[in-house]
Structures are given as structure tokens and as C-alpha cells.
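[1] give me a model of this one.
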Amino acid sequence: MIKNLLAIIGLAVVIRKSYEFYQHYDAMREENAYWRRKEGSDPATSPD
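    Below you'll find the model as predicted:
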């Protein structure tokens with residue numbers, strides 16, 4: 001019983017942390033696209 005509870009808590013922590021990392025990555029991607037647009041290059045044709 002306690003192992004299952006700890007596993008659920010661990011899974012929730014991992015999911016929350018991975019979502020935080022995704023949000024950070026998405027913000028960096030948006031910032032990168034902003035600077036590419038500002039420089040005049042097309043982000044759709046740039047290799048990523």
C-alpha cells in the first residue's frame with residue numbers, strides 16, 4: 001500500500017517537473033522565433 005502511494009507521488013512529481021521543463025522550452029522557442037522575425041529571417045525555412 002505504501003509503495004503504491006509513494007509511486008503515485010513520484011509520478012506526480014515527475015509529470016509536474018516535465019511540464020515545467022516543457023513550458024520553459026516553449027518560452028525559449030517563442031523567444032527564438034521573435035528574434036528570427038526581428039532579424040528578418042523566416043523561421044519556417046530555418047533548420048531546427
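[2] separation between the residue most central in space within the chain and K3?
    For the chain, Y22 is the residue whose C-alpha lies nearest the centre (Cα atoms, centre = their mean; 1.4 Å). Spatial separation of Y22 from K3 under the definition Cβ to Cβ, to the nearest Å is 28 Å. C-beta: built from backbone N, CA, C; applies to glycine.
[3] one more: Y34?
    Between Y34 and K3 the distance is 47 Å, computed by Cβ to Cβ.
[4] neighbour count: these two, which is higher?
    A side-by-side neighbour count of Y34 and K3, using other Cβ atoms under 10 Å, places Y34 first with 11 against 7.
[5] what strand or helix carries that one?
    When secondary structure is defined by DSSP states H and E, Y34 falls within helix 2-39.
[6] chain center to that helix, what's the gap?
    Between the centre of helix 2-39 and the centre of its chain there are 4 Å (Cα atoms, centre = their mean, to the nearest Å).
[7] and that helix, what's its mean pLDDT?
    Mean pLDDT, helix 2-39: 95.
[8] so which elements touch it?
    Here helix 2-39 touches no other helix or strand, going by 3 or more Cβ pairs under 8 Å, 6 or more residues apart in numbering; DSSP states H and E.
[9] flag every buried residue along that helix.
    Under the neighbour-count criterion of 16 or more other Cβ atoms under 10 Å, helix 2-39 has nothing buried.
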